[in-house]
Structures are given as C-alpha cells and as structure tokens.
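*Asks:* What shape does this take:
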Amino acid sequence: TAFAHASERGMVMLLPTQYYLVGGTLAVALSFAILGLVPARPIRRVFAWRSGAWAIPTVVPLSLSWGSFLILALLIYAGFEGSRDPLANLLALTVWTVWWVGLTLLQGVYGDLWAAINPWNGPYGLVMRLVSRTRLSLAASGVLRLPTSVGYGLAIIGFAAFAWFELISLAPDDPDVLATAVTIYWVYAFIGMIVFGKEDWLARAECFSVFFRFVSRVAMVQPGKGGLICSVPGAGVLSHPALPVSGALFLLLTLASVSFDGLNKTFWWLGLNGINPLEFPGRSAVTWINSVGLAATFILLSAAYALAIWAGWRLAGRKGALAEHFGSFVLSIIPISLASHFAHYLAVLLINGQYALVAASDPFSQAFDLLGYADYHVTGSWLTNHHTVALIWKLQAGAIVLGHILAVVLAHALALKCYGRTRGAVISQVPLMVVMVAYTLFGLWLLATPIAG
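*Replies:* I've put the predicted structure just below:
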C-alpha cells in the first residue's frame, strides 16, 4: 500500500514574460498617443455604426427563465444529494465554471443573456398573475419604491459578499455550503423583486443582473428600438448614461475583486504576510489578511481612478460636474474587467469545464451516463507542455492588452462626447492614461509572477 501526499502547488512561469510586460504596456501607451492624432469624426462614425434589428418574442425569455429555474432546482438538489467532491458535483462546477466564468465571457460577446435566462422572471410572472386574480393591492412596481438615494448600494453589498464568499470563505465550493448559499440568495432576490418591483430591483439591487448588464455593454449585440442590433464592440458603453457615484463604485469593485483573486495567490502577497508559499497553511490562516486585502484593493483602485478623473477634469477646464465625469468615464473600465476575467479564469475553464461535462453525465452520482462522458478522463497534461503553456500565456496577455486598448479608445470617445474637440479630450485623459498603463503592467505581472496555494 502506498500513501501519497501532495503539497500546495507552486507555479513559476518559465517564459520570457518581461518582454510581454514591457511590450503590452507600451502598446497601451502608444494607443493613447495615436488617438491624439486621429480626428474626432472617424471615431464617432465607427461607434455610431449599427446593423439590423431582430425582435425577440416575449414568450422566449419567459420560457428560458422557467428552464433556468428548473435547472437551478435540480442543481441545488445535486448540491445537497450528489457527490461531496467539488470536482464531481454539478452544482459547484456549474456555479464557479459554467456560470461565473463561461456566462460572463458570453455576456461580453453576445449581449445580456442573463436578462433572458435569470431564474426569477418566470416565477415572478406567475406570482404576479396569481396576485392579480385575487385582486390584492400589489402593483407590478412592487409594494414599496426602492429609494433613489440607495443607488447601487445594495448591489455593492451583494457583490462584496459574493467576492468574499468566493475568494476568502473557508469552503465556497463545498456542495452543501454552496447549495445553501444559492438557495438563500435566490429567495432574497425574489422577495426583493416582489417588494420593490422587478425592473427597479434587477436594475439597481440584484448584483448579478447589474454586473452582467454592465459586462454586456461591450458586446457586439445590443438592445435597440426594434429589437437586438449589431454594433461595434464597446458602442453600448458610449450610449449608456453617466452612472451615479454608487454605480461607478460597483464597477470598480468588480475589477478590484478579480484583481485581488490573482494577487492573493502570489508569492509576493503571501511573503508580505509572513507565509511560505510552498507551505501554504490553508484558507483559514489567511481569512483576516485577505479580507483586509480585498477591501484595500477596492479602496486603492477607487482612489486612484477618482484622482485621475479629478486631475483630468481640472486640466481640461472643469467642464461639467465632477461626479458626472466620474460616472461616465468609469464605464470605460468594463473591457478591462472582462479581459481580466478571461485571463484569470482561462485555465480554470479549460480544466474544470471537462469536469463539468463528466458531472453533467451523472449529476446525482447514481452511475448514470446521460451525455456519454461519465467515463471521460479529464486531462491537464497540456499544462506541463511548453508550447501549450506559451499559447495560453499569449492568449491571456493578449486579452489584457486588447482589453486595456479598448478601454483607452472608449475613454477617448467618451471624452470627445464631453469636450467636443480632440485637444480637450486628450488633455482630460492624460491622468487616466497613466492609471490604465499602470494597471496594464499590474495585470500582466499578475499573470507572470509565481503563484501558490
């Protein structure tokens, strides 16, 4: 009998990543310089392009929502009654891989799919019909009004709790814990819709609907007057009204959370807190310091971004209200958030996606083989192959650089929209360009630096 033991992994990039760090950072900086030489009219014309309009029957989103609700119910059952192994339990794999990673990336390409498939619309419509038949005094807008002063505050609290649960809590992928958390959150959101009305609650309070809607603003598919239209990636950002300060902080929180997800595994962060990265003691040993780190990342990013907006506003002549500038230009970070999401979770998607396929074939651990993949052998051997690792690194680094370049272009287009002329737009963007270039370097460093735990 052999008793094998494996320690926490250590991953060190054996690639010339310093060239990518320098080259990617310079590419973002040069994109800003080039934009200063491009006339405003071609930029406006590119982002104004629209093609087609496809109407979607109302019954389609309703049917998709009911399907999503039924699937969620089965997943929760699998969480309680299925395998205890997170890599064999369909709920854990669906939530953290298929939904959080896969759906987020799809939202950035195909538009706001979550608005159609969320698991609340169908049951909410049924409750509203039943209430109307009983003649109770419950309007479609809810029992109460969600105060305007609340802004996106509830969404910020919800997303912060989700980030803490994913990154810091002791067992976020434990099937029982996850099934309980998903059930509680579904009930909480459903009650919120009943009390405050579906439209207002999903628009400002339900953190995942808010997050997915923002991500979808960079997609090529956007809602139009006659239905869905095709546009240039990022055009949806330019047509979005300026956010209140709470909305801007929500977007910065989403970016800070994915950045800290990469930072808290680095040798640098663990060493800073006196932990040997090759003898990682477990999540319980870093719960407090990671909680502080997540909050600090959010505060520092928000402060740096706000300072850059303030400096640009001052340099360009203080045109308009500062809060409006903050709420408008913050929309340009959406491509950065999406690119960071892709780069950070690409390897997870490639490996755990295989586990999800196997688990879907036998969702309740009853020796089923519904999809024919129950005996599929999950492989990650390509992570030890130099050529494959290099390809993955290029995809990750390329996504970071392209996401930041698109963010620079969108920020410039937003500045043109505000100041009208190229000169004023360029001047207002200089401080923001410094922050974006620094964040590009930070994002590429996170990909290249050794990680553990």
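
*Asks:* Residues touching stretch 322-333, excluding its own?
*Replies:* If you take CB atoms under 8 Å, 6 or more residues apart in numbering as the criterion, stretch 322-333 is touched by 214, 217, 237, 240, 242-245, 247-248, 251-252, 255, 305-306, 309-310, 312-313, 407-408, 410-411, 414-415, 418, 432. C-beta coordinates here come from the backbone N, C-alpha and C atoms, glycine included.

*Asks:* Give me the buried entries from those.
*Replies:* 214, 217, 237, 240, 242-245, 247-248, 251-252, 255, 305-306, 309, 312-313, 407-408, 410-411, 414-415, 418, 432 (16 or more other CB atoms under 10 Å).

*Asks:* Could you list the low-pLDDT ranges of the stretch 151-300 of the chain?
*Replies:* 225-226 (pLDDT under 70).

*Asks:* For it, which segments count as helices?
*Replies:* Using DSSP state H, counting those that start in this stretch, the helices of the stretch 151-300 of the chain run over 153-167, 175-196, 198-204, 207-215, 235-238, 245-263, 267-272, 287-315.

*Asks:* start to end distance for stretch 236-256?
*Replies:* End-to-end distance of stretch 236-256 (CA to CA, to the nearest Å): 22 Å.

*Asks:* Near residue 222, how many other residues are there?
*Replies:* Residue 222 has 20 neighbours, counted by other CB atoms under 10 Å.

*Asks:* what's the spacing between it and residue 23?
*Replies:* 32 Å (CB to CB, to the nearest Å).

*Asks:* Ok, residue 169 next?
*Replies:* From residue 169 to residue 23 the distance is 38 Å (CB to CB).

*Asks:* now do residue 297
*Replies:* Going from residue 297 to residue 23 by CB to CB gives 26 Å.

*Asks:* What ranges does this protein have for its strands?
*Replies:* Counting by DSSP state E, one finds strands in the chain at the ranges 10-11, 50-54, 221-224, 227-231, 451-452.

*Asks:* which of those strands sits most buried?
*Replies:* strand 451-452 (a mean of 22; mean count of other CB atoms under 10 Å).

*Asks:* I'd like to know which elements that strand is packed against.
*Replies:* strand 10-11, helix 267-272 (3 or more CB pairs under 8 Å, 6 or more residues apart in numbering; DSSP states H and E).

*Asks:* With distance to residue 68 added, can I get the ones you listed in CSV?
*Replies:* Listed next are the helices and strands packed on strand 451-452 as CSV, based on distance: least, CB to CB, whole Å:
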stretch, distance to residue 68
strand 10-11, 35
helix 267-272, 37
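
*Asks:* how close does residue 188 get to residue 110?
*Replies:* The spacing between residue 188 and residue 110, counted by CB to CB, is 28 Å.
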